[in-house]
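Asker: Give me coordinates for this.
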Amino acid sequence: MTSTQAETTRASVGDSGKKWIPGPLLPQKYRRTNRPKLWLEIALIAIGYELYTLTRLAAPTHEAASHQRGWDILNLEHYLGLNFEHTVNHWVYSVRWLAFSMNVYYGTLHFIVPIVVLIWVYLKFPDRYRSVRTVMCTMTLLALFGFYFYSLCPPRLLPGADFIDTFKLLNPWGQSAATSDGVAGLGTSTNEFAAMPSLHIGWSTWCAIVIARLATRNWVKILGIAYPFATFAVIIGTANHYALDAVGGLVVLGLGFLFQRILQGRPAISAPPPVPSPVPSTVPAEVASVPKQPVGSDAPAASAAQRETSARPGASG
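Answerer: The predicted structure is shown next:
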């Protein structure tokens, strides 16, 4: 077995000694843990966000099919006992300040918090940055496939379902943004039927995992862990997603972590393996100062015989 094969086997063997995940797929020289160049990261994020937006807009809506899928989701949730969204949505709307606050939350934190977390990891934990970024990018790419091939009408726009469209009635950015996923300034430049999977849940849970694993202050950990739960309450309370959309978000997040694990051969948030210290090319001074005896030399035996002779009485004369 070559050294590369041995490394691959070790990386894919769990504590039980059984091989459960193949990898790593990346050669060692490409599994870097240093902080990448800032300008390159900014460019990648800008390009990625543009592709994300264009793909959402380019995805076919198929309005009739999207409505039917919405009813299919509701019927499945009713069968599974998850049909609580209608009650939560109506209660949230009855507390107007809460509904208004949830609209602001939905349209802002979804984009702000992940960027802040990425910057934090980039600055404080550069050896983990590439891994957690890979997870997020993979998750988002998988979600785009869902948006494109499975257009789904959100509850608030589903005809006859009696959900309250809080964005239309209490939109914090005015009626011009009432059909913009609650994001200020977007107007109609978004795909209303990109509901499955919920990236609000996928991204917020990614943030929670990263914060919980890397933060050192307990209150920061608590806020991070609470973030996806608050986000779930928001997407249900504003009727922007079904409960099963949240499940879809967790699925693509899990696949993102799995892909990163296979790609690099280690968990995304674990510390990279230490680089082995180079073997010193020089002999330490204390070792070099020890006099060497020729191989087969009788010098030690002769010295011992001399000491024994000098210790005898009258040996000197």
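Asker: Now stretch 83-99: buried residues?
Answerer: Judged by neighbour count using 16 or more other CB atoms under 10 Å, the buried positions of stretch 83-99 are 85-86, 89, 92-93, 98-99. Using the backbone N, CA and C atoms, a C-beta is placed for each residue, glycine as well.
Asker: after the one helix or strand F111 maps to, next one along is what?
Answerer: F111 belongs to helix 96-124 when assigned by DSSP states H and E. Helices and strands here follow DSSP H and E; after helix 96-124, the next one along the chain is helix 126-149.
Asker: Quick one: list the elements packing against the helix holding F111.
Answerer: Under the contact definition 3 or more CB pairs under 8 Å, 6 or more residues apart in numbering; DSSP states H and E, helix 96-124 sits against helix 38-58, helix 85-94, helix 126-149, helix 166-170, helix 199-214, helix 218-237.
Asker: Which of those has the highest mean neighbour count?
Answerer: helix 199-214 (a mean of 23; mean count of other CB atoms under 10 Å).
Asker: what are the phi and psi angles of S151?
Answerer: Backbone torsions of S151, given as degrees, to the nearest 10, read phi -70, psi 140.
Asker: so it makes contact with A65?
Answerer: Yes. S151 is within contact range of A65, at 6.7 Å (criterion: CB atoms under 8 Å).
Asker: mind showing which ranges of the chain have poor pLDDT?
Answerer: 1-36, 56-61, 173-190, 266-268, 270-317 (pLDDT under 70).
Asker: can you rerun that using 90?
Answerer: Of all residues in the chain, those with pLDDT under 90 make up the ranges 1-66, 82-83, 107, 110-111, 126-131, 134, 144-151, 167-195, 259-317.
Asker: Can you say which of the helices and strands packed on helix 96-124 is nearest to R69?
Answerer: helix 126-149 (11.4 Å; CB to CB).
Asker: okay, the angle between that closest one and helix 199-214?
Answerer: Here helix 126-149 runs at an angle of 170 degrees relative to helix 199-214 (axes from the mean of the first three to the mean of the last three CA atoms, to 10 degrees).
Asker: CA-only coordinates of helix 126-149 in CSV, if you can.
Answerer: Provided in CSV are the C-alpha atoms of helix 126-149 (Å, rounded to 0.1, in the frame of the first residue of the first chain):
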residue,chain,number,x,y,z
PRO,A,126,-8.1,30.9,9.3
ASP,A,127,-7.3,27.2,9.4
ARG,A,128,-11.0,26.4,9.5
TYR,A,129,-12.2,29.0,7.0
ARG,A,130,-11.8,27.0,3.8
SER,A,131,-13.7,24.1,5.3
VAL,A,132,-16.7,26.0,6.6
ARG,A,133,-16.9,28.0,3.4
THR,A,134,-16.9,24.8,1.4
VAL,A,135,-19.9,23.5,3.4
MET,A,136,-21.9,26.7,2.9
CYS,A,137,-21.1,26.9,-0.9
THR,A,138,-22.1,23.2,-1.4
MET,A,139,-25.3,23.7,0.6
THR,A,140,-26.3,26.7,-1.5
LEU,A,141,-25.5,25.0,-4.8
LEU,A,142,-27.7,22.0,-3.8
ALA,A,143,-30.5,24.4,-2.8
LEU,A,144,-30.3,26.1,-6.2
PHE,A,145,-31.0,22.7,-7.9
GLY,A,146,-34.1,22.5,-5.7
PHE,A,147,-35.3,26.0,-6.6
TYR,A,148,-34.8,25.2,-10.3
PHE,A,149,-36.4,21.8,-10.5
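Asker: For it, name the packing helices and strands.
Answerer: Contacts defined by 3+ CB pairs under 8 Å, 6+ apart place helix 126-149 against helix 38-58, helix 96-124, helix 199-214, helix 243-264.
Asker: now the angle from it to helix 96-124?
Answerer: 130 degrees.
Asker: Begin at 30, not 1, for the rest of this chat.
Answerer: All set: I'll call the first residue 30, so the last point we hit is now helix 155-178.
Asker: Would you mind getting the angle between helix 155-178 and helix 67-87?
Answerer: Helix 155-178 runs at 10 degrees relative to helix 67-87, counting by the same axes, to 10 degrees.
Asker: circling back to that earlier point, mind listing what's buried in the helix holding F140?
Answerer: For helix 125-153, a neighbour-count test (16+ other CB under 10 Å) marks 127-128, 130-136, 138-139, 142-143, 146-147, 149-151 as buried.
Asker: about what we covered before: between S180 and A94, which has more neighbouring residues?
Answerer: Using other CB atoms under 10 Å as the criterion, S180 and A94 rank with S180 on top: 23 against 15.
Asker: So that one versus L273, what's the distance?
Answerer: 15 Å (CB to CB, to the nearest Å).
Asker: G266 too?
Answerer: Distance, G266 to L273, by CB to CB: 16 Å.
Asker: do the same with F154
Answerer: 34 Å.
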